[in-house]
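[1] Give me the fold of what follows.
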Amino acid sequence: MLEIRHLKTLIAIQESGNVSSAARRVHLTQSAISHQIKALETHYGLPLLERKGRSYGLTDAGKRLAELGKTIFSEIRRAERDLSGMHENQSGSMRIALECHTCFDWLMPVMDAFRKAWPEVEVDLVSGFHSDPVSLLDDRADIVILSDALKREGISYHPLFKFEMLAVLPIDHRLKAKRFLLPEDFAEETLISYPVPDERIDLMREVLIPSGIRPPRRTAELTVAILQLVASRRGIAALPSWGLSNYLEHDYVIARRIGRKGLWSGLYAAMIREMSDHPYMADFLSLLKENCFSKLKGVVPI
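    So this is what the prediction gives:
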């Protein structure tokens, strides 16, 4: 009765916290997921889900099956790595470029796990900011993590997750009483951002420029430097929600939604299409997605 697809569904529910996000992640309708869960609950005679406010959580029985799934999928990946290792020429290199520099915190554990699984593959980071990150795939990078999946011949884009961009303010800022910020709220503020063009900044491209607002900008290359400048009342910023939790919990800065429905962005892994099926590249993508949904708060499937 228990199948691989059931385990994938339970893990998706556990990591996303709601059925709708889990459905998108496993490419099913909410109705199909409900039927899966109902069938399992009937089979085992135990509830697998419990409502927690507006979200869902797994019961002890559901958690046990999700734990089983994670063990099984880990063993499957290990077996696939072993089989790949039986072929010759499994050594190589993987150069990674990042458009989103807040990615460093969650990318490091993925790289560590990858090095253990593929010790013959040399892993390196391509540093710096680039006006056209995808062009790095021509000769400087093997994989680029970026926010735009613009069509380009020969390039494949692999969706990682969707996340909300939040306005980051000093704790005593004049706008702290607002639940969300509108375009005009940014007009008299200095925007602190990474040193990239306006069209590469979600807030500018999606919100401010269409409203005819171009605030003065100050740049910093490191996320921690941007947060330090905000905390020092040098301006405000817009950063991914999943990179702010520690700073918000310690009242270092405050964050507000951008617009009534929020400003959402996506993150993708881009690579030369022919490389997508290479065993160690495919395994790296699997590790990326697994780490995203299990470690980052507030992310949802694209």
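
[2] where do the strands sit along this protein?
    Taking DSSP state E, the strands of the chain run over residues 49-52, 55-58, 92-98, 121-126, 143-146, 155-169, 180-181, 191-193, 217-219, 237-240, 254-258, 263-272.

[3] Report the strands that pair with the third one, each with its relative direction.
    Each strand that pairs with strand 92-98, with its direction, by DSSP bridges: strand 121-126 (parallel), strand 143-146 (parallel).

[4] now the second one
    Note on strand 55-58: by DSSP bridges, its sheet partners are strand 49-52 (antiparallel).

[5] coming back round to it: now tabulate the strands of the chain in CSV and tack on mean neighbour count.
    For glycine as for every other residue, the C-beta is placed from the backbone atoms N, C-alpha and C. Formatted as CSV, the entries for these read as follows, by neighbours: other CB atoms under 10 Å:
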stretch, mean neighbour count
strand 49-52, 12
strand 55-58, 16
strand 92-98, 18
strand 121-126, 15
strand 143-146, 22
strand 155-169, 21
strand 180-181, 19
strand 191-193, 21
strand 217-219, 14
strand 237-240, 24
strand 254-258, 20
strand 263-272, 20
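
[6] May I see those organised as JSON lines, with distance to Leu68 added?
    Supplementary listing: the strands of the chain in JSON lines, determined by distance: least, CB to CB, whole Å:
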{"stretch": "strand 49-52", "distance to Leu68": "16"}
{"stretch": "strand 55-58", "distance to Leu68": "12"}
{"stretch": "strand 92-98", "distance to Leu68": "31"}
{"stretch": "strand 121-126", "distance to Leu68": "30"}
{"stretch": "strand 143-146", "distance to Leu68": "31"}
{"stretch": "strand 155-169", "distance to Leu68": "24"}
{"stretch": "strand 180-181", "distance to Leu68": "41"}
{"stretch": "strand 191-193", "distance to Leu68": "44"}
{"stretch": "strand 217-219", "distance to Leu68": "48"}
{"stretch": "strand 237-240", "distance to Leu68": "32"}
{"stretch": "strand 254-258", "distance to Leu68": "37"}
{"stretch": "strand 263-272", "distance to Leu68": "28"}
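
[7] Figure out which of the ones you listed is closest to Arg24.
    Each of the strands of the chain was checked against Arg24 via CB to CB, and the shortest separation belongs to strand 155-169, namely 9.2 Å.

[8] Check which helices and strands that closest one sits against.
    helix 223-231, strand 237-240, strand 254-258, strand 263-272, helix 279-295 (3 or more CB pairs under 8 Å, 6 or more residues apart in numbering; DSSP states H and E).

[9] In CSV: the strands paired with strand 92-98, plus mean pLDDT and distance to Asp132.
    Formatted as CSV, the strands paired with strand 92-98 follow (pLDDT from 0 to 100; distance: least, CB to CB, whole Å):
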stretch, mean pLDDT, distance to Asp132
strand 121-126, 86, 13
strand 143-146, 89, 10
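
[10] so which of those strands gets nearest Gly266?
    Distances from Gly266 to each of those were compared by CB to CB, and the smallest falls on strand 143-146, at 9.6 Å.

[11] Could I have the CA atoms of that closest one written out in CSV?
    Output of strand 143-146 as CSV, limited to C-alpha atoms (Å, rounded to 0.1, in the frame of the first residue of the first chain):
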residue,chain,number,x,y,z
ILE,A,143,26.1,26.4,-12.7
VAL,A,144,24.7,29.8,-11.9
ILE,A,145,22.2,30.5,-9.1
LEU,A,146,20.0,33.4,-10.1
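
[12] what's that strand in contact with?
    Identification of contacts with strand 143-146 by CB atoms under 8 Å, 6 or more residues apart in numbering yields 94-100, 103, 107, 133-134, 136-137, 160, 267-271, 275, 281, 284.

[13] Apply 6 Å and report the result again.
    Applying CB atoms under 6 Å, 6 or more residues apart in numbering, the set of residues contacting strand 143-146 from outside is Ile96, Ala97, Leu98, Glu99, Cys103, Pro133, Leu136, Ala269, Ala270, Met271.

[14] ditto for stretch 46-65
    Contacts made with stretch 46-65 from outside it, assessed by CB under 6 Å, 6+ apart, are listed as Leu10, Gln14, Gly17, Asn18, Val19, Ile37, Leu40, Glu41.
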